[in-house]
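A.B. asks: give me the fold of what follows.
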Amino acid sequence: MDKDRIAGAAKQVKGTAKEVAGKVIGDAKLQGEGKAEKVAGKVQNAVGGAKDALKDK
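C.D. replies: Presented below is the predicted three-dimensional model:
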């Protein structure tokens with residue numbers, strides 16, 4: 001498993017936590033940051049998946 005996949009998954013979890021916290025306390029900025037971090041984590045996870053696929057070939 002590529003390190004990008006691990007880091008991407010961690011960013012997704014952190015982003016989700018920020019997004020939920022933003023919703024709970026009514027902080028739109030924190031909620032937006034969480035969404036952005038979640039998307040960045042998905043992208044990084046996808047990059048790691050592509051690297052893993054190339055290593056397997």
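
A.B. asks: excluding its backbone neighbours, what's nearest the spatially most central residue of the chain?
C.D. replies: Centroid-nearest residue in the chain, with Cα atoms, centre = their mean: Gly41, separated by 2.2 Å. Leaving out its chain neighbours, the residue that sits closest to Gly41 by Cβ to Cβ, 6 or more residues apart in numbering is Lys11, at 3.0 Å. Backbone N, C-alpha and C define where each C-beta goes, glycine included.

A.B. asks: burial of that neighbour, as a residue count?
C.D. replies: Using other Cβ atoms under 10 Å, Lys11 has 20 other residues around it.

A.B. asks: can I assume it is in contact with Glu37?
C.D. replies: Yes. Using Cβ atoms under 8 Å, Lys11 makes contact with Glu37 at a distance of 5.5 Å.

A.B. asks: coming back round to it: show me the contacts for the residue nearest to the centre of the chain.
C.D. replies: Contact analysis of Gly41 by Cβ atoms under 8 Å, 6 or more residues apart in numbering lists Ala7, Gly8, Ala9, Ala10, Lys11, Gln12, Val13, Lys14, Gly15.

A.B. asks: same thing but 7 Å
C.D. replies: With contact set as Cβ atoms under 7 Å, 6 or more residues apart in numbering, Gly41 has these partners: Gly8, Ala9, Lys11, Gln12, Gly15.
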